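Chemist: quick one, fold the following:
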Amino acid sequence: MNNIFLLFCSLYVCFFTLFPGKSIAQKKRVSAEIGGNHLNGIFQADPTIFFYDGYYYLYGTNGDHDEQLGFKVYQSKDLQHWKLAENGHSGFALRKEDSFGSSGFWAPQVWLENDKFYMAYTADENIAIAVSDSPVGPFTQTEKRPIIVDGKQIDPFVFTDDDGKKYLFHVRLRDGNRIFVAELQDDYSGIKQETLRECIHADLSWENTANAKWSVSEGPTVIRKGNHYYMLYSANDFRNQNYAVGVAIADNIYGPWTKLGDQPVLSQKDSGFAGTGHGDLFLMDNQFYYICHTHFSNEKVAPRRTAIVPVDFNKNNAGIFIPKFNSSKFRLLEIDEESAKTGSSYQIDVAFGDPFILFDQPTDQYYLYGTGGTQNGFIAYSSKDLLTWKKEGKVYDSKQANAWGVKDFWAPEVYRVNDKYYMYYSAHWKNNPQNHVENYRIGVAVADNPLGPFEDLNGKPIFDPGYPIIDANIFQDSDHRNYLFYSRCCYEHPVDSEIARWAKEKLGYKDIEESWVYGVELDKSMTKVIGKPVLLIRPPVAINDAQAEWESRSVTSGEINRRWTEGSYLMKENGIYYMMYSANYFAGANYAVGYATANSPLGNYRKSTANPIIEKNTHKGGVISGTGHNSLFKDRKGKLRCVYHGRTTKTGDERMVFISDVRFSDNNELEINTN
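Modeler: Numbers count the residues shown, from 1 in each chain. Below you'll find the predicted structure:
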């Protein structure tokens, strides 16, 4: 999916699966699922669990770019059936606009004190504490600042001792990641600087298997049992497969802290998963559990998966409680099966072509844009529930000083970037000295809110490739590189192929024109191209191509002498790039959607054998045809949805908007629920 910051966040919905045993066969099955990019799971790194009023609440470092937005919260009554909390903020318990920090929201911890809920967390490599009236948030700060101002600190853990004194265990970035402790001010406004002490740093061989100059000890969680303090911590770089958990004990909160023998106490060797570590201890019915994360697979670190394992503390002859992880019951956490199965597909009462939906977190609203509804511009609709839509009126009008388009305003897509809203669209360029019938280009307009007014940035298209182009789609990859995808129009683009030669002979066509999908890199401003466009997807050349039948129906049926590849939309899921596209005549019944996959944004793309994945159902007794030009979005709960247009026997030629659920099969096939 699109990875523009502040807009899309990688969604993963999943079925909860228990792995009760630790047999070799079971571990191979789990590894095969992960190594095979099985996408089901909860993806919270550095997790913590807080129990309150019958519910367990799970917080952590969000997967992918969601870590730039704050902290999500999941809830469960039994540690097995999990769902994203319904709190009116897309599941975010803390949002960056309500608190300190601009990025890097890591390692939260939540506790209750005097009827208030507190969250300690990391942002911008500093530690802050926010407050809420509810465990699902919103956690906010009246004064948005960190509690420590000297140096960089991460991974806070607040511990209240038996005497009521509060301590902050945390990691300081000083010649490595080193764990420190200091007494907190009673109001959590800061630490008592004179009490600051180092607890441990990575100095054992298992703690630095890469022999790195910058060693790592981090992720502390502390409990007190009897006369001793017990600290579980993680060592090695989190990207190292040997990231693992150790334990240290002390008679005094300030130390000295002594690391126990026979370390690590939890690692890949025990769990069967690479990168096991950075978690938190909590109690359920007198049983300790350790909630932690693992790597996504043996080959891939992120998005990290959330896991849980029971822990027993057994006293040795010296009276020391030794933690014993029951790794036979180590399991990944997943979303409740029933909530993951609530698939749907439905039509809404909006007549648009080329629809695009933006869920806007600041306003907690959905905004729908598309082709149609006005002359020489675009209108928008808004909704709270994706069912009932309100017409908001015109959001872009070509009657403005910087306008470059004069007619045929098509296919708008709107993205929120750095608190601005950017609209990319197609239109007929007024600079047309040769009087081309199709002189289409792509431009960008900006606004301060989703309802505009959108103002053209440059007074001209983004670029001129020398041929007409439409259907802009923008994608920002995880490396922050930006891309523009578009369709070269069929206009004046005859292409020789076996299909074309057959059509000329059998149907008498002079030429068969085609539209092709291209991609080109954009600069950081996302308004200028870098390099030259790359051809990504085109109609099949050979008649016996597996895709030729469905992509050529407009021609082979005698409908028109053109073959389209347009309406492209790129998403990224688990390192795979999925490009959706539409084929056949946009005004005909055979308009349909397929997809192709690649290992990089600019290809090479391989079309799916499952194509088409959205098409007419009239040949099966249904009432829908002309389905196409789709885009994807995440709903308020983080569920991935597909929006596209189609025609019905009732609406005739008028294109109507449809919304369907999206899922990925176990072998990574993209599936759209069109039932």
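
Chemist: in a strand, K213, correct?
Modeler: No - using DSSP: H, G, I helix; E, B strand; the rest coil, the assignment for K213 is coil, not a strand.

Chemist: please begin residue numbering at 218 from this point
Modeler: With 218 as the first residue, the last one maps to K430.

Chemist: burial count for it?
Modeler: 8 (other CB atoms under 10 Å). C-betas here are computed from N, CA, C, even on glycine.

Chemist: for it, give its distance to S351.
Modeler: K430 sits at a distance of 44 Å from S351 (criterion: CB to CB, to the nearest Å).

Chemist: same check, this time on D404
Modeler: Taking CB to CB, one finds D404 at 21 Å from S351.

Chemist: okay, these two: which has more neighbours?
Modeler: Taking neighbours as other CB under 10 Å, D404 and S351 compare with S351 leading, 15 against 8.

Chemist: surely the more buried one and F334 touch.
Modeler: Yes - the pair S351 / F334 is scored as a contact, 6.6 Å apart, by CB atoms under 8 Å.

Chemist: element containing Y405?
Modeler: Assigned by DSSP states H and E, Y405 belongs to neither a helix nor a strand.

Chemist: is it correct that it is in contact with P363?
Modeler: No - between Y405 and P363 there is no contact under CB under 8 Å: 11.6 Å.

Chemist: do you know how far the residue nearest to K824 when sequence neighbours are not counted is from T580?
Modeler: Leaving aside its sequence neighbours, K824 sits nearest to A813 (CB to CB, 6 or more residues apart in numbering; 4.5 Å). Distance, A813 to T580, by CB to CB: 35 Å.

Chemist: give me the more crowded residue out of the two.
Modeler: A813 (22 against 13).

Chemist: that one touches A827, doesn't it?
Modeler: No - using CB under 8 Å as the test, A813 is too far from A827 to be in contact (11.0 Å).

Chemist: tell me the contacts of Y641?
Modeler: Each residue near Y641 by CB atoms under 8 Å, 6 or more residues apart in numbering is listed here: 629-632, 659-661, 679, 689-691, 701.

Chemist: and V464, how far from S406?
Modeler: For V464, the distance to S406 equals 31 Å [CB to CB].

Chemist: ok, the two, which is more surrounded?
Modeler: V464 (20 against 11).

Chemist: beta partners of the more buried one?
Modeler: Beta bridges link V464 to L449, judged by DSSP bridges.

Chemist: and the strands in the stretch 518-667 of the chain?
Modeler: Remark: strands assigned in the stretch 518-667 of the chain by DSSP state E, counting those that start in this stretch are 522-532, 538-542, 548-549, 562-565, 570-577, 582-588, 594-600, 607-614, 622-634, 637-646, 657-664.

Chemist: what sits against the residue nearest to K824?
Modeler: Per CB under 8 Å, 6+ apart, neighbours of A813: 753-754, 795-796, 798, 822-825.

Chemist: among the residues you listed, who's most crowded?
Modeler: Y798 (31 neighbours).

Chemist: partners of that residue in the sheet?
Modeler: Beta bridges link Y798 to G811 when assigned by DSSP bridges.
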